[in-house]
Structure formats: structure tokens, C-alpha cells
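Participant: Sequence first, predicted coordinates after that:
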Amino acid sequence: MIGGYAGKILWVDLTEQKFTTLNTLDYAEYIGGQGMALRLQWEFGNPEVKDGMDPRSLLMFMSGPLAGTPAPGASRGVVCFKETTRPPKNWWTSSGIGGWFTPEMKFAGYDGIVFQGASRKPVYLWVDDEKVELRDASKFWGMGTYMTIEQIRKELGGDPKIQMGVIGPAGENLCRASSIQFDVKHSASQHPGSVMGSKKLKAVAVRGTGGIHVANPTALLADHWKHLNLFMDDAGKRSGNRAEARDNLTYKAGFGCFGCTSSCQAFLEPTEGPRGGSICGFRYSYLYTRQLYSGFSKLEKTPFGDTHLQPPPKKAPKKGIGGRYADDNVEPISYQFPKLFDEYGLSGYDGFATKGNPGLLNYLCYDKAMGDNFRNLVTAEMGGAPGSIAFAHNAPRAAAFREGKIGPLLGDGAQYMASKVKEHPEDYGLTKAQGQLAWESYERQYLRPMVTDHHFYRPRSTDESWLIINQVPLNQMAQGIGSRDMGVVFRGHNLYDDICNNTRAHSLAAYGTDAACARYLDAKGKPLLKNQKGFAKKETYYDFDGNESKPVKGNYTVGVPLALKLHHAFYFQKNSLLLCRSLFTLIAKGGTAAKANDPRNDDVQMGARLYSAVTGINTSYEKLLEASWRCIALERAIHMRDDNRTRADDYFTSFTHDRPDANGIKLDREEYRKGLDMYSELMGFDKATGNPTQATLKKYGMQDVADKLQAMGKLPA
């Protein structure tokens, strides 16, 4: 008996209101999670679908073979769907989810749930072990996510074990930048909320009383305890979010997802207002928006009931939004503001702000070149400009309900905001030249559609030093070839210069090359490192022989293509086994800083051990790499079939390529192309298109995929 898998994938036809099942093991060579979803998309997805809100699109909630077991950091899930926010090519993409939803789905007997078509009226799916039904959700339509979870759970009998994924008004109103909320702490980003809303699907509720068979419990528990010990500090307590007072808000170490050995979710206690849970995206949203908007005070009764939304205090806020376009003199924000985005089911990073950037909206309102007209329009519609308490109170609702002229811009995300302002600047009191500047600002903040420039290598201030881990050529190329933001899943968060003193050691351990982390090349083409342990001076570049040198160009060829091949494989291994990117970085670093910086913690075989222990199928790291490369080739084949993906789609915006960094060096197109060519050669892909060849598809057992692409005229014989 194969362990780990529940054995069935539930198929829900919302148009016909019918249910069928697929045999999970028919797709086991794709491991699970995103890998299985890709195969399902290839077999059942309609290539004519160009937008996730097309009723013919598929929406999938998938688990991995380790979910529901004591495998550390492995009870996550993934939502897979066709994108909605980055035309003309909305890729088939994915978003990870945490919490308890995925294990509960497995306990109910399903490795995944796939939705096809669209209902004529609002419904929600109720899965209670073998009992599956679609229920009327009309009375929940218009509710916020928190009250929806509460009311549906009450309707179903009040069992606290019932887990749900729900959308708020933003998804219902087809706001492209909308999310799916899982309980009050987790959400699926990359904007699947509008996909779910277009299907008139308000919620997915699951409860299961079954279990998951584990082939080798002894081996599994050995790795469980290993991880638990790595995340213990000297006092014997689990490492997690430590108590920290910041802007009238205290973080306390809290709890983790199902079966997790860490405790990355914080419990937040503001000096005024309600307490509540938080995860990383929630905290980052708080940290980045606290510079832009002001906080709230007393609790308010809202249309959603007693929630975290707060009314403006009587005292007027100071002016300014913080960051690069205005004086940094605003009052601090409390955590309630980003929590409001969760309540409406809205992504706060798009349009409002991006990680490490003040956001396109703030550029339109505060950059001198834009004048006052746009800000005056925002102020009139929101009761205040960005930076005011009135704006923070009103803007999320306006976005979710598509109110006025500004609400739809915020609700559809940065790319739509920029394109509409560029195409129709007169509607917003702007000139044609100002509309063009708005688009250029968008390109400055996004490497490519919906990939923010915090993944670029331009240096930032010290208070954002954690971002530097993503500012290296390896990560840039990952963004170029990926279907979404891939920087969040790098193999170990202690690899890169400016952060870790053991850069070469970690690069060698993780990727088999000590040059993958090098940001620059010198005049002789040798890789350069900065702040390497043992170097004489800080902020100085040295070659691998320890000789001081000046950078000449970015490094996209020495060590990077091989590292990218391995990193991309880890991305798919993580998203198919479904491992937590924070807890489980494949090279299994410890939970404390001292342990994490020790290269002896590198353990690339851990994923294979967990898979073998749970399923009973003996595998190795190398076999999982092969399975991951199969998934990479299939994803690219889907992008070829559905959206005519070519090498041109792997490049960045003109601004990104042409803008020099702090050392006066541009992201050279020719060097970048050479790196992509080397990566394609390593993957067995065509250099001219960046797509898999017929021989490579056949190598990975996908002759049917090659035949289909050839018949469509998209793959040479």
C-alpha cells in the first residue's frame, strides 16, 4: 500500500452541479501539489482560455503526499489557476497556503479539489468525508471573509475543525487583485480570488475524520525530531517570532501550521484594539504600510460585524506618506490596516504598496511631475489622500466594491492601474505625458508583470537588509523564467553576500558551485564577492583568490545557470511535496541564526527521505530532481500551448535592463541572454525560444505533450 496519498481527486463541475473523482496515483509521477495540477491542466485545461475569469478555466486546491503527517513543514497546500492581473499573457500559476485546510482535505479523503465551469448563483462546497454537496451561498454573498467563515461554520453545526477557503467582496466583484482567505491568518496570493468569484463560488469547507497511512513511521519521526531540535533555542523553546514592541504593537511567539515543528505565526497585541494572529505576509504588509498610512484607535461596528477595522481618531494625522516621495513623518500604523485587506479578500501589495516600495498609487499622488489633480481626485473619493487615516479607512472598501474612479484601479492591481492611467489620463485629470510617466513608474517597481523590484539587486537601506537576499543575478533569472515570484523559495535564506559571512561555503553546498552567489564579474571575467569572511575591508569586492577588484558587469554565466537549474527544481519539489519555504529550505538550515549559518546543516537528501518514509516508495534527491525537471518542462509546455511563450517573455522591462545600479552597472541584455542560453542548454530546452524540445519531453515521458504541440505547429519535429 502506498502511503501519503488519500487516493482521490474530487472534480466539481459547477455548471452542471456534478461531482466525479480521479485516481491520484495515475498522476503520482508528478509527485503532488503543483506538479499534479500541471498534468491536470495539460489534460483538461482549455488552451483557448486567456484569463482566469473565463468560466472554462480550472481552479485547483491541491495537497502533497506529505500533508497530514508529522513531516516537518509539509502540511501546506497550493492553489493553482490561470492568472488575471498581467495581460496579455496570464500564465497558469500557483499560490501556496498554510494552516489546517490542506490536512483536513486529506483527512476527508481527497488529495485535491478541482473546480470547472461556473455556477448560476452563489454556492459553497461542503465536503464532509464522503458526503459532498454544493450549498446555496446567497445569504453569505457580500460578507467579509471573517464573518463568512463564522457563519458557514455555524450553519454546518459549529465544529471548529471545519476548515475553509473563502473570498470576500473583492473576489465577488471580480477585483483582479483579490485573494482567497483561509481562516483568519492565511491567504492565497497571486490573485485567485477573482477566479473563484467568477465561478460564483463563495467558499470551500472541508472536514475529515480519516487518517493518512505512513509507510515508515520510525524514519519519518526521526526527521520530525531532527527539525524540532534545530528549531529549539538554548532555553529549549521553539524558535519563532519573538516578542517585539514596534509602533504600539507587540509580537509574541505563537503557533504554527498543522504538525509543524516551528512557530512562525505571531500573536499580535496592540495597545489599543483587538488581538489577533498573523503570518509573514500579514506582518510584512504591516511593516511596509506603516510608513504610508496612519493607524486607528477605537473599535467600530462595521457591515461585517465586530471586526479589526477602526475609525479615525479625533486627532488629525501628520502629513506625508514616508519613503521616497514625501517626508517620513507620519504617525505609525497599527496592524489593523493590513488585516482589513484580509477581511475584504484583497491584495494590499498591488497598487497600494509593494514590498520595499511606496507603491504606484503613492507615486501618482505625490511625485512632483504628476501635479495635484490625481491626489485631489483620490482625496475627494476617499475622504483623504494616501497617508491619512480617512484613506486607510475607506480605500480598501472602495477597491473591493469598485467604487468611483479610483476604487477599480486599486482593486485591479498595479498593471491595470498603470495601463488605464496611460490609456485614458484625461479621466484622472492627467496629461498624456503624465500618463506615460505613470506607466514608467510601474515598470520601475516591477521587473516584469507583477514581480516587484525588491527582487532586483539595487542596494537598499539597512532597515530593509533582509531584502538583499533576493538582489542577486540568480534570483533575477529565476524571476525571468518563472510563472510567478520565485524569489521566495530560494534554497536557503543565508546564501548571499551582504547577509552571510559564509557565502562561498553555502553556495558550494547548495549548488555545487562557489560562484553562484557572486553578484559581479571583474575585467577578466572572474566572479567577485563582497564582505566574504576573512576579507580585509567591508563594502569591498574581491575575487576568489582574495584580490581586491572593481566590478565591471553582472554575473549571469559563471555558476549561475547551473544554480538556476537546481533552484528551479527545488521550487517545484517544494511546491509538489508541498513544503514550507521558511521552515524547509531543502538544505535544512537550523532555526537559530548560529545554526542557520553553519554549512554542516546542509542536507539536500531530506525531502527524499521524507517522501520515502511516508509513501514507502524508495527515492533519492537525484530522482526528485528528475521529477521536478519533468514538471518544469510541462509548465513551459503549457505556457507554449496556451499563451505562445517565447524567449522574449523571459526578459524584463526596459527600465530594469537600462537602469544602472549603485555601481553604475546595467543588467546587460547580452550577458543575461548568455545566462539564459546556458540554462536552456542544461535543461535540454531550445535556446531560441527557451522552450523544451521534443527530445526533452520524450526523455521525461511526455511524448503525448510533444505530439500535441507538434500538431498545433508550436514544436518542430
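Facilitator: Yep, that arrived. Numbers count the residues shown, from 1 in each chain.

Participant: And for D649, the neighbour number?
Facilitator: 17 (other C-beta atoms under 10 Å). Placement of C-beta: from N, CA and C, glycine included.

Participant: Could you measure from the residue in the chain sticking out farthest from the centre over to M147?
Facilitator: No residue in the chain sits farther from the centre than N547, which is 39.2 Å out by C-alpha atoms, centre = their mean. Here the criterion is C-beta to C-beta, to the nearest Å. By it, N547 lies 64 Å from M147.

Participant: How about R207?
Facilitator: To M147, R207 is 20 Å away according to C-beta to C-beta.

Participant: Please apply the same query to L134.
Facilitator: L134 is 21 Å from M147, where distance means C-beta to C-beta.

Participant: So those two - more neighbours on which side?
Facilitator: Ranked by neighbour count (other C-beta under 10 Å), L134 and M147 place M147 first, with 20 against 17.

Participant: where does the more buried one fall, phi/psi-wise?
Facilitator: Phi and psi for M147, reported as degrees, to the nearest 10, are phi -70, psi -30.

Participant: where do the helices sit along the stretch 501-650 of the chain?
Facilitator: For the stretch 501-650 of the chain, the helices defined by DSSP state H, counting those that start in this stretch occupy 503-511, 560-573, 593-596, 606-615, 621-643.

Participant: oh sorry, the question was meant for the stretch 51-200 of the chain
Facilitator: Assigned by DSSP H, counting those that start in this stretch, the stretch 51-200 of the chain shows helices spanning 101-107, 145-155, 169-172, 193-198.

Participant: Looking at these, which is nearest to R76?
Facilitator: Evaluated with C-beta to C-beta, the helices of the stretch 51-200 of the chain place helix 101-107 nearest to R76, the distance being 6.2 Å.

Participant: three-state assignment of L667?
Facilitator: What DSSP: H, G, I helix; E, B strand; the rest coil gives for L667 is coil.

Participant: What residue, apart from its backbone neighbours, is nearest it spatially?
Facilitator: Spatial nearest neighbour of L667, excluding adjacent residues (C-beta to C-beta, 6 or more residues apart in numbering): H657 at 5.0 Å.

Participant: So the one you found is in contact with E670, correct?
Facilitator: No - taking C-beta atoms under 8 Å as the definition, H657 is not a contact partner of E670, at 10.4 Å.

Participant: So between those two, which is more surrounded?
Facilitator: The residue with more neighbours, out of H657 and E670, is H657; 14 against 9, by other C-beta under 10 Å.

Participant: picking that back up, and the residue farthest from the centre of the chain, how far from T540?
Facilitator: Between N547 and T540 the computed distance is 11 Å (C-beta to C-beta).

Participant: pretty sure R641 contacts Q710?
Facilitator: No - the criterion here is C-beta under 8 Å, and R641 misses it with Q710 at 11.2 Å.

Participant: So between the two, which is more surrounded?
Facilitator: More crowded of R641 and Q710, by other C-beta under 10 Å: R641, with 20 against 14.

Participant: Number of residues surrounding P217?
Facilitator: 15.

Participant: For it, give me its contacts.
Facilitator: A613 (C-beta atoms under 8 Å, 6 or more residues apart in numbering).
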